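Visitor: Fold the following, please.
(chains A and B)
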Amino acid sequence: MLNTIWILAEVNDGAVASSYYEMLTKARAIKPEAKITALCLGGDNLPVDELKGSGADEVVCARHAKLESYDPMYCTAALAGVIAAYDPDAVLVAASAKGSEIAPGAAARLRTGLAAHCTELGVRPDGDLAMIAPAFGGKLMGEYYIPNTRPQMASVKPGVFDRVPQEPRGAAVVEADVSFLDGMSSGVELVERKVSEAADLPVDKAESVVCVGLGVAEENIEKARALAKKLGAALGYTRPMVDMGYMSDESAMIGTSGKTIKPKLYIGFGISGSNQHVCGMKDSGLVISVNNNPKAEIFNVSDYKLVADSGKMLDELLKAIS
Amino acid sequence: MKIAVCVKVAPNPDQYDLIRLDPETKTLVREGVDSVISSTDLHAIEAAMQIKEKLGGTVTLISMGPASNDKQLREGLSYGCDDAVLVSDRKLGGADALATSYTLAKAVEKLGGFDLVLLGNSSDDGSTAHVPSQLGEWLNLPHITDVISLEVSEGGALVSKELDGGVNTYKITLPAVIGVTKRVNKVRHPSVMGIFSAKKKPMATLTAADLDNLDESRIGLAGSPTQAEGYHEASFGRECVEIEGSEAEQAAEVVRVLNSYLKH
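Guide: Numbers count the residues shown, from 1 in each chain, chains lettered A, B, ... in the order given. I've put the predicted structure just below:
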């Protein structure tokens, strides 16, 4: 059954995250007649008006002082507690840093299933939710379902589904009871938050992306950055670049465990083409790849390939592009 | 400090090319693929060893899987851990993340007395990243995942994680369950002594019957709410045109392709 679908709407800097609209678009598409509820956790300032006009049928607010700043324990308890009280057929949560942390704990509390990092959703012949997600680093796609427990929970990769504006539906606003948080002590306390310098051009919003992998020597990363600047592109990178310490954070990391991008143009340097990376960039428009290994997997998902040294090719491109 | 590290033995990611689907049954064929301790779990072991070196104590490896995984657990012990416990029973096979975390929780409770439970944030194969927080929920302990830095003292742990364009640092009271990423440390190779002494370290096996108050409806495939319908090969192939010539010629051709593409 898939008559009631709840979507956890993440709020970043007071605005509803794009992932909510992507999940709403997909949920509406796969089950137009379902009642869709937007669930929002936080303190006093929730973006209720934005959610009311988003195309959901209902908005449920869970407000508590303990939900003001992100604490995984309180958020997990709130998510599970509210869902248990309303008992929807399915719950969609963004596979973001927060969603990926609180959805599993909530599923454990609810004793129900959860499919991770879904890249496609559908309706099974029996009416239940079909959840498609990469497995073995994206080598295979698995189809998952949750036959015997409710709700059916899925975490959904942000940036994969299109976001199509929906007609407002005059959504009712419900204030959920989360007073069970009053007496709870999480054992987790936020002691510091350091905001990273925001990128001028976030990699998942850029029309062009220059991407670097381990085949790019550390001293050539700046050349790739310069090329990106010349092209008005964002600089992206693979997971190993972060794991090896060449990149300081995951903000522009492309792949199943990072950002999913769909730029018009993707130019990759020194990228082997692991499934884990390819899953995050396969829907790009034009894909051009440079690698000194003629058999690099990335060439299988590229429109153009250049078998060349990444550093030398960056030099030449910097010269050739005015 | 008494530390448990939960590890998963999984197919070697370097050999994923050998994994295929049986064209008839659509089931996974993993013949010839080695099993190794999942790569992020090695960072959890390293983190535990660094804490042990600083504060003293013991490090116990806990893993659920077939009896043949004792080989990989021995390798795990060579990093300096004190002992290993393999939770192994036919009844436990086919477990999803929830059933796995439930079973691990029962093993952690059975062994008892841990100040800290560490795990790799996600495994190489399934990569759901569900087990750390679910284990924390079953054990009713504070939990945090995706940790990029970890500093443990007797009273608690300071952990950092990336969140919404920044880094949050949390203080977490012990005992707790913490899922670490590969960024938390660099894994040191086992020493010759470590490899040698691993052979003599205690390794126990627990069966389902050894776990106290085990609800058998929550273990194995039958106890797994998330079921796999099947798999298909991911195919994102494109027809690829090679741009050849000297590097200068290649660059000129790329510029031509870009100009013609970006005009449309």
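Visitor: Output the contacting helices and strands for whatever helix or strand B:Val85 lives in.
Guide: Element membership for B:Val85, per DSSP states H and E: strand B:83-87. Judged by 3 or more C-beta pairs under 8 Å, 6 or more residues apart in numbering or on different chains; DSSP states H and E, the packing partners of strand B:83-87 are strand B:58-64, helix B:70-77, helix B:97-111, strand B:203-206. The way it works is simple: take the backbone N, C-alpha and C, and place the C-beta from them, glycine included.
Visitor: which one of the ones you listed lies closest to A:Val173?
Guide: Minimum separation from A:Val173 across the helices and strands packed on strand B:83-87 (C-beta to C-beta) falls at helix B:97-111, 32.6 Å.
Visitor: And A:Ala217, how far from chain B?
Guide: 16 Å (C-beta to the nearest C-beta, to the nearest Å).
Visitor: Now that residue, what are its backbone angles?
Guide: Backbone torsions of A:Ala217, given as degrees, to the nearest 10, read phi -60, psi 150.
Visitor: partners of the strand holding B:Val85, with directions?
Guide: Counting by DSSP bridges, the strands paired with strand B:83-87 are strand B:58-64 (parallel), strand B:203-206 (parallel).
Visitor: Name the residues of the shortest one that come out as buried.
Guide: Within strand B:203-206, the residues that count as buried by 16 or more other C-beta atoms under 10 Å in any protein chain shown are B:Leu206.
Visitor: Check the residue of the stretch 151-300 of chain A found nearest chain B and give its pLDDT.
Guide: Here the stretch 151-300 of chain A gets closest to chain B at one residue, A:Gly187, 3.1 Å apart by C-beta to the nearest C-beta. Per-residue pLDDT puts A:Gly187 at 96.
Visitor: Find the helix or strand that A:Val60 is a member of.
Guide: Using DSSP H and E, A:Val60 sits in strand A:58-63.
Visitor: Run through the helices of the chain in chain order.
Guide: This is for chain A. For chain A, the helices defined by DSSP state H occupy A:18-30, A:48-52, A:72-86, A:97-110, A:221-231, A:239-243, A:275-278, A:310-320.
Visitor: nope, chain B
Guide: For chain B, helices defined by DSSP H occupy the ranges B:39-55, B:70-77, B:97-111, B:131-139, B:192-198, B:247-263.
Visitor: for the record, mean pLDDT for the last one?
Guide: Put plainly, it is helix B:247-263. Helix B:247-263 comes out at a mean pLDDT of 90.
Visitor: Quick check: buried residues in it?
Guide: For helix B:247-263, a neighbour-count test (16+ other C-beta under 10 Å) marks B:247, B:250-254, B:257-258 as buried.
Visitor: Of these, which are in range of chain A?
Guide: B:247, B:250-252, B:254, B:257-258 (C-beta under 8 Å from any C-beta of the partner chain).
Visitor: Need those residues in CSV (columns: distance to A:Glu101).
Guide: Formatted as CSV, these follow (distance: C-beta to C-beta, whole Å):
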residue, distance to A:Glu101
B:Glu247, 45
B:Gln250, 44
B:Ala251, 44
B:Ala252, 48
B:Val254, 41
B:Val257, 42
B:Leu258, 40
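Visitor: Any idea how many residues pack against the nearest residue to A:Gln166 once chain neighbours are set aside?
Guide: Counting by C-beta to C-beta, 6 or more residues apart in numbering or on different chains, the nearest residue to A:Gln166 once its immediate chain neighbours are dropped is A:Gly55, at 2.5 Å. Neighbour count for A:Gly55, taken as other C-beta atoms under 10 Å in any protein chain shown: 20.
Visitor: By residue count, tell me the biggest strand in chain B.
Guide: Counting residues, the longest strand found in chain B (DSSP state E) is strand B:143-152.
Visitor: Show me what from the stretch 1-150 of chain B comes close to chain A.
Guide: Counting by C-beta under 8 Å from any C-beta, the stretch 1-150 of chain B comes close to chain A at B:11, B:13, B:16-17, B:19, B:21, B:28, B:96-98, B:101, B:122, B:124-134, B:136-138, B:141-146.
Visitor: So A:Ile321 versus A:Ala226, what's the distance?
Guide: A:Ile321 is 10 Å from A:Ala226, where distance means C-beta to C-beta, to the nearest Å.
Visitor: Oh, that last question was meant for B:Asn168, not what I typed.
Guide: The spacing between B:Asn168 and A:Ala226, counted by C-beta to C-beta, is 32 Å.
Visitor: sorry, back to before: packing partners for the longest strand of chain B?
Guide: Using 3+ C-beta pairs under 8 Å, 6+ apart, the elements in contact with strand B:143-152 are helix A:72-86, helix A:97-110, helix B:39-55, helix B:131-139, strand B:156-163, strand B:166-173, strand B:176-180.
Visitor: so where's the stretch 151-300 of chain A uncertain?
Guide: Within the stretch 151-300 of chain A, no range satisfies pLDDT under 70.
Visitor: what does it have sitting close to chain B?
Guide: Within the stretch 151-300 of chain A, the positions adjacent to chain B are A:186-196, A:198, A:231, A:242-243, A:245, A:249-251, A:256-257, A:264-265, A:267, A:275, A:278-279, A:282, A:285-288, A:299-300 by C-beta under 8 Å from any C-beta.
Visitor: For A:Ser322, see how far away the nearest residue to A:Ala65 once chain neighbours are set aside is.
Guide: Spatial nearest neighbour of A:Ala65, excluding adjacent residues (C-beta to C-beta, 6+ apart): A:Gly43 at 6.4 Å. Distance, A:Gly43 to A:Ser322, using C-beta to C-beta: 51 Å.
Visitor: neighbours around A:Arg163, how many?
Guide: With neighbours defined by other C-beta under 10 Å, the count for A:Arg163 comes to 15.
Visitor: neighbour-wise, which of B:Asn168 and A:Ala226 wins?
Guide: Per other C-beta under 10 Å, whichever of B:Asn168 and A:Ala226 has more neighbours is B:Asn168, with 21 against 15.
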